[in-house]
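Q: Please work out how this folds:
(4 chains)
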2 protein chains.
Amino acid sequence: MTSQAQQSQANDIPEEINGLRMTRQRQEIYKLLMGERCHPTANEVFMRIKEFLPNISLATVYNCLEALVQHHIIRQVNFDREPSRYCPNLDEHGHFHDEATGTIHDIKFKPGINLTDLLDLPPNTVIKDIEITLRGQLSAS
Amino acid sequence: MTSQAQQSQANDIPEEINGLRMTRQRQEIYKLLMGERCHPTANEVFMRIKEFLPNISLATVYNCLEALVQHHIIRQVNFDREPSRYCPNLDEHGHFHDEATGTIHDIKFKPGINLTDLLDLPPNTVIKDIEITLRGQLSAS
DNA sequence: GTGGGAAATTAGAATCATTCTCAATTAGAT
DNA sequence: ATCTAATTGAGAATGATTCTAATTTCCCAC
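A: Residues are numbered from 1 along each chain as shown, chains lettered A, B, ... in the order given. Next up is the predicted model:
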């Protein structure tokens, strides 16, 4: 697309991902998530995104996040009953919740590990999703 | 109430567990959970417990469940943003959520498995709790 | 370009699990 | 029996999320 594309400010996000039309709001939210890898809540996204989209509503933030999750562009992460958090890392990974600081860290699995091999699953089980969550402290080194 | 053993109907639950005084309400709720190993929600507990304690309030069910969780007598289990469920199984185990029926199954780990060995944890991490949740279907055998 | 229908956005109301408040009751110790 | 702290119960409050209904925007055919 040579001629000055009718592309919005969000110039590095394609106009469609996984069949989801990337509107300006979806682009900005996606960019925000990619930028800070900090697993923000919907409300945190809402507050930060206002810098770029001053008129956005919280409902739109929820709508966009849900659309992105549904189209497997981001992941939704839940810790107990806390507000949902959103994560742009699509690799299979777990999450560590540092109780001291409240921060979330992605946890990779060691190479060659297949979680389902380690579990005593009932026969004929089709697993669609696995979630691993750790809670604890990152002791001062 | 006349003399006699001041023991309530719940005659097989001790008067104290892990330092928690087992009031009638706590006993009945604990018994219910032990009986049906079905991971009920607070509201399900509330509805079923009325058979034995017709005057109990939902707030008390929440209070009791929280007290039991706090004293490590039962576990609280969360699936995404669904209402919390409660589980009397204290062994380390995961949970499989069958999307077809909505039922929850406890998942044991295969013998000799230590989860943390398989994860690429940051150094100096003290893990207090691990949660593993699977979602999928139990295909008709 | 213009018009029409579908999709997306918005603000605010509604929902619902959970927590809070506070008065009444109960239990355990003195 | 009395005192004090813990527990219970009813209803109100909270807060994350979803819903509703009214615009607004987008895309496509003409």
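
Q: Which residues of chain A lie near DNA strand C?
A: Within reach of DNA strand C by C-beta under 7 Å from any atom of the strand, chain A has these residues: A:20-21, A:23-26, A:53, A:55-60, A:63-64, A:67, A:81. In this view, the C-beta of every residue, glycine as well, is placed from N, C-alpha and C.

Q: Would you list the buried entries among those?
A: A:Leu20, A:Thr23, A:Gln25, A:Arg26, A:Leu53, A:Ile56, A:Thr60, A:Cys64, A:Ala67 (16 or more other C-beta atoms under 10 Å in any protein chain shown).

Q: Tell me what the first one is bridged to.
A: As for beta bridges, A:Leu20 partners with A:Ile17 under DSSP bridges.

Q: Under the pLDDT cut-off, which ranges of chain A? List them.
A: Residues of chain A meeting the criterion pLDDT under 70: A:1-11, A:141.

Q: and it, what are its domains?
A: Domain ranges of chain A: A:16-86, A:91-136, per automatic domain parsing.

Q: Next up, the contacts around the most centrally placed residue in chain A.
A: Note on chain A: the residue nearest the mean C-alpha position is A:Cys87, at 2.0 Å, using C-alpha atoms, centre = their mean. Contacts of A:Cys87 were listed using C-beta atoms under 8 Å, 6 or more residues apart in numbering or on different chains, and they are A:Leu33, A:His39, A:Ile74, A:Arg75, A:Gln76, A:Val77, A:His95, A:Ile104, A:Asp106.

Q: and what of A:Lys108?
A: A:Asp91, A:His93, B:Leu119, B:Asp120.

Q: give me the element the residue found closest to the last one once you drop the neighbours it is linked to in the chain is part of.
A: In space, B:Asp120 comes closest to A:Lys108 once its chain neighbours are excluded; the distance is 4.2 Å by C-beta to C-beta, 6 or more residues apart in numbering or on different chains. Using DSSP states H and E, the secondary-structure element containing A:Lys108 is strand A:104-109.

Q: Can you give me the buried ones in that strand?
A: For strand A:104-109, burial by neighbour count (16+ other C-beta under 10 Å) applies to A:Ile104, A:His105, A:Ile107, A:Phe109.

Q: Could you report the separation of A:Ile13 from A:Cys38?
A: As judged by C-beta to C-beta, to the nearest Å, A:Ile13 and A:Cys38 stand 19 Å apart.

Q: neighbour-wise, which of the two wins?
A: A:Ile13 (17 against 14; other C-beta atoms under 10 Å in any protein chain shown).

Q: The more buried one is in contact with A:Ile29, isn't it?
A: No - here A:Ile13 lies out of contact with A:Ile29, judged by C-beta atoms under 8 Å, at a distance of 10.0 Å.
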